[in-house]
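For reference, the sequence and a predicted model appear below.
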Amino acid sequence: MEIPVPRATYGVAALLFFATLSVFTPALGNGFIDVYDDGPYVLGNEMVRRGLTPSGVAWAFRSFELHNWHPLTWLSHMADVDLFGIAPAGHHLTSVLLHSANAALAVLLFASLGAGPALAGILAALFALHPLRVQSVAWVAERKDVLAAFFGLLALLAYLRHARRRGAGALALALFAFALGLLSKPSLVPLPIVLLLLDYWPLGRLGPGERRGAIREKIPFALLSAASAAVTLAAQWSTGAVVAGSEIPFAIRLGNAAVSVWAYLAKLVWPAGLAVYYPHPGSSLSVPLAVAAGVALVGATSGVLAASRRAPWLAVGWLWYLALLLPVLGVVQVGRQAMADRYTYLPTLGILLAAGFTAAEVARRAPALASWALSGAGVAAAALLAVATRGEIRMWKDSATLFGRAMAVTERNSVAANALGVLEAREGRVITAVALYEQAVSFDPRSGTAQQNLAAALLALDRDVEAWPHALEAVQLEPRNPQARLVLGMALESVGRAAEAESEYQAALAIEPRYGEALRRLERLRSAPPGAAPAP
């Protein structure tokens, strides 16, 4: 079924591009979140800091650094260094421009699904100007979100054009854009499911005569998804990012996944208490809450499927939401977070699709005054969200503001306590840093980073005996972490066990050959006369 896109829609898309740019412009004044991911992604990443070089491009395509394979994301960070150096404003500008482009593409997407210019603009504004978008846009390390979404939206638009006009070129463009999206972030793996959902509605391509062809043309997309998923799992397993089932049992993962589905919807409706990191509840997860969330999930899915003949957009939007959330719900637990605002970036479009087309149907059957009231409510909601988003962007001004806020709105947040400890240590307030690290370890004894930082801070205070068990625990938790190996070597050296310290420095260099501090300490240790005091 051909759905023409009115010319006015392109004007709406342009207006929303500039509106989004205006709302997110304050992010250009923010710094890097250097204690959490912006360091290894940009500031402390030697390959990225060189800019785009032949060796850097080769590294981007073979690297599993930071537990993922996303070469196009690495190349975008390198290009930023070439353009802007290490000044944060330029890096933020690239992310803001990408998100603004995504806002415009969202207008075209909703219009291609049958929304008029006004409805398409309102739905895209509710997507683009929502505070849940801030984490993906204002955090340089999350460039992969906006970059993958850009190519994902292009793939959806190209596919819709192909399906309606049967153009082989459009299908090839959709496949190419999808591949680029997977090279940016593997969260696009479920996109072929979304394409099938669109075949059901609004395209109507799953009837007896077209079903086989519609499914057959998804095979290349499915193969790309499978390849991306395989490489991603290999990267995460090989770098130790996957949390073992003994730490977070499968039943708890399923329960947290069900709760998260509804928690994301709650934050979509009322975006309060947003944080950079939400600790996983683990064994403290409320069983009644998890069961209720699971029952509600089954009930809601059954309900929209039952209503699919009368309101097919409900099933398409709801299943879109669930499908794109699936890789990040923690069934395969990567990291120790319960959920993350950035995970809602593209899934949110499914909920807005379901809600928006339902509102349009209500308006169609209601008097003109009711239709105007619904449009006015949508515009007002977008304006209120834009104001809230400006406030949320301020929370990302610097690491101290961001993690101080996280400590205030979450409970037992080990990551936030550890980050604040790092900031205190940088300022020379090591005693305060030790207190924060101890708090982080008490919140999560299995945080190798917190154990490592606590050991290093204790060593700085000459509390060598206290440092030793934390340094050892850090290595046992993260044996592939070169920093943990370095700190254990320092602890061993401080108590005169030079041979064992040398072994740890060598282990750190085996993991990261460019690790200058480990090399410096190893050379100093080897050149020191017997019985010399340990290096500071």
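Yep, it's here. Numbering: from 1, shown residues only.

which one is Ala222 nearest to, not counting chain neighbours?
Of all residues not flanking Ala222 in the chain, Pro192 sits nearest, at 5.1 Å (Cβ to Cβ, 6 or more residues apart in numbering). Just so you know, the C-beta spots here come from the backbone N, C-alpha and C atoms, and that holds for glycine as well.

Hmm, the one you found is touching Phe221, no?
Yes: contact criterion Cβ atoms under 8 Å: Pro192 and Phe221 qualify, at 4.1 Å.

Do a quick rundown of the helices in the stretch 1-150 of the chain.
For the stretch 1-150 of the chain, the helices defined by DSSP state H, counting those that start in this stretch cover 7-24, 38, 46-49, 54-62, 71-84, 88-112, 117-128, 134-138, 143-165.

Out of these, which gets nearest to Gly378?
helix 117-128 (3.9 Å; Cβ to Cβ).

the inter-axis angle of that closest one versus helix 7-24?
Interaxial angle, helix 117-128 versus helix 7-24 (axes from the mean of the first three to the mean of the last three Cα atoms, to 10 degrees): 20 degrees.

Spell out the secondary structure type for the residue nearest to Ala222.
For Pro192, the assignment made with DSSP: H, G, I helix; E, B strand; the rest coil gives helix.

what about the spatially closest residue to Gly11 that is not a sequence neighbour, neighbour count?
With Cβ to Cβ, 6+ apart as the criterion, Gly11 has its nearest non-adjacent residue at 7.7 Å, and that residue is Pro117. Using other Cβ atoms under 10 Å, Pro117 is surrounded by 19 other residues.

Repeat that for Ala363.
Neighbour tally, Ala363, other Cβ under 10 Å: 17.

Quick check: it vs Asp145, distance?
From Ala363 across to Asp145, the span is 32 Å (Cβ to Cβ, to the nearest Å).

just Arg133 next, same as before
From Arg133 across to Asp145, the span is 9 Å (Cβ to Cβ).

how's this structure carved up into domains?
7-399, 412-527 (automatic domain parsing).

thinking again about what came up before, pretty sure the residue nearest to Gly11 is in contact with Pro6, am I right?
Yes: in terms of Cβ under 8 Å, Pro117 counts as a neighbour of Pro6; the distance is 5.6 Å.

Give the intersection of the neighbour lists for those two.
Counting by Cβ atoms under 8 Å, 6 or more residues apart in numbering, the shared contacts of Pro117 and Pro6 are Ala111.

Could you point out the longest helix of this protein?
Across the chain, the longest stretch assigned as helix under DSSP state H is helix 368-394.

Give me the pLDDT for Arg7.
Model confidence at Arg7, given as pLDDT, is 88.

how many neighbours does it have?
For Arg7, the count of nearby residues is 8 (other Cβ under 10 Å).

Distance check, it against Ala111.
Counting by Cβ to Cβ - Arg7 and Ala111 are separated by 11 Å.

hang on, the earlier thing: and the next element down the chain from the longest helix of the chain?
Tracing the chain past helix 368-394, the next element assigned as helix or strand by DSSP states H and E is helix 399-409.

and that next one, what does it pack onto?
Under the contact criterion of 3 or more Cβ pairs under 8 Å, 6 or more residues apart in numbering; DSSP states H and E, helix 399-409 touches helix 414-426.

tell me which residues in the helix it packs on are buried?
For helix 414-426, a neighbour-count test (16 or more other Cβ atoms under 10 Å) marks Ser414, Val415, Ala416, Ala417, Asn418, Ala419, Leu420, Gly421, Val422, Leu423, Glu424, Ala425 as buried.

What does the pLDDT read for the residue nearest to the third one when sequence neighbours are not counted?
The spatial neighbour of Ala416 that comes closest, neighbours along the chain excluded (Cβ to Cβ, 6+ apart), is Ala406 at 4.0 Å. Taken from the predicted model, the pLDDT recorded for Ala406 is 98.

Ala406: what's it in contact with?
With Cβ under 8 Å, 6+ apart, Ala406 has these contacts: Ala275, Val276, Tyr277, Asn413, Val415, Ala416.

Also Ala363?
Contacts for Ala363 (Cβ under 8 Å, 6+ apart) come out as Ala370, Ser371, Leu374, Ser375.

Name the nearest residue to the first one, sequence neighbours excluded.
Setting aside the residues directly before and after it, Ala370 is nearest to Ala363 in space (Cβ to Cβ, 6+ apart), at 6.4 Å.
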